[in-house]
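Enquirer: Here you go, sequence then predicted model.
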Amino acid sequence: GEGIRPNEVSFNTLINIYAEDSNPYNCKLHLENCLALLRDMETENIKPDDQTYSSLIKVCTRGGLMTEAMQMFKDMKENRVVPNLAAYTTLINGFAKAGHLERVEIQSSTDLLIREMKITGVDPNVPIFTALINLCATLKDLDRAERYFDEMKRKGLVPNQITRKILKKCRRMCASRQEE
C-alpha cells in the first residue's frame, strides 16, 4: 500500500523540532536537514508556508547564522509567503544575539525589517517591541530603546514584565557605560 503521506503539518513539525533544538554547535547540520525536508516538500508538491519559513529562520538565528536567516526571509517573500510576526521577532532577536556582527550591519538590517513591516502593514506587537528594546540594550542605545517603549505605549500596547525588565537592563547598561 501507499501508507501515510506526509503533509504540510508533518513537514512543519519536523522542521520546528530542528528549530527548537538548534544552537551554535549543531545549526549548520540542522539547517542542512531542514533544507532536505524543504526539497522533500517540493517533491511532494507541498508549498512551504509562514510557519515553515519562521521555523527555518529560527534554525538559523539560534546558531547565529544571520546571513542564512535573512536569505530564508528573502526566499519566503520571493515565494509569495507573507512574513508573520514570528518571523520578524525571530530575526530581530537573532540580531540582538549576533555578537559576531558589526553594529552598523545589525542596525541597518533591523532598520530594513522595521521599514518593511511598515510598508507591508504589519503592526508590531509586544514581543516585537520587546525584541527591539532588547536589541537596543545589546547596542547600548538607550535613546532608541526609550523611543520604542514610548511608541509601544502610544499604540495602546501594554508592556509586559519582560519588556520592562529588558528596558531596565538597557538603562543599567547605558548608565554604567557613561560612568566609564
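Expert: Arrived safely, thanks for sending.
Enquirer: And the helices in the chain?
Expert: Here the chain has its helices, by DSSP state H, at 8-21, 27-43, 50-61, 66-78, 85-97, 103-120, 126-139, 142-154, 161-179.
Enquirer: and these, which is most packed in?
Expert: Neighbour counts (mean count of other Cβ atoms under 10 Å) averaged over each of those peak at helix 50-61, with a mean of 26. Yep, even glycine has a C-beta here, placed from its N, CA and C like the rest.
Enquirer: That one - contacts with which helices or strands?
Expert: In terms of contacts (3 or more Cβ pairs under 8 Å, 6 or more residues apart in numbering; DSSP states H and E), helix 50-61 is packed against helix 8-21, helix 27-43, helix 66-78, helix 85-97.
Enquirer: so which of those helices gets nearest residue 103?
Expert: Ranking the helices and strands packed on helix 50-61 by proximity to residue 103 (Cβ to Cβ) places helix 85-97 first, at 10.4 Å.
Enquirer: So which residue is dead centre in the chain?
Expert: Centroid check for the chain by Cα atoms, centre = their mean gives residue 90 as the closest residue, at 1.6 Å.
Enquirer: so how far is residue 42 from that one?
Expert: Computed as Cβ to Cβ, to the nearest Å, the residue 90 to residue 42 distance reads 23 Å.
Enquirer: Low-confidence stretches in this protein?
Expert: 1, 177-180 (pLDDT under 70).
Enquirer: Can you list phi and psi of residue 100 for me?
Expert: Residue 100 adopts backbone torsions of phi -80, psi -10, taken as degrees, to the nearest 10.
Enquirer: Just to check, it is in contact with residue 64?
Expert: Yes - using Cβ atoms under 8 Å, residue 100 is in contact with residue 64, at 6.3 Å.
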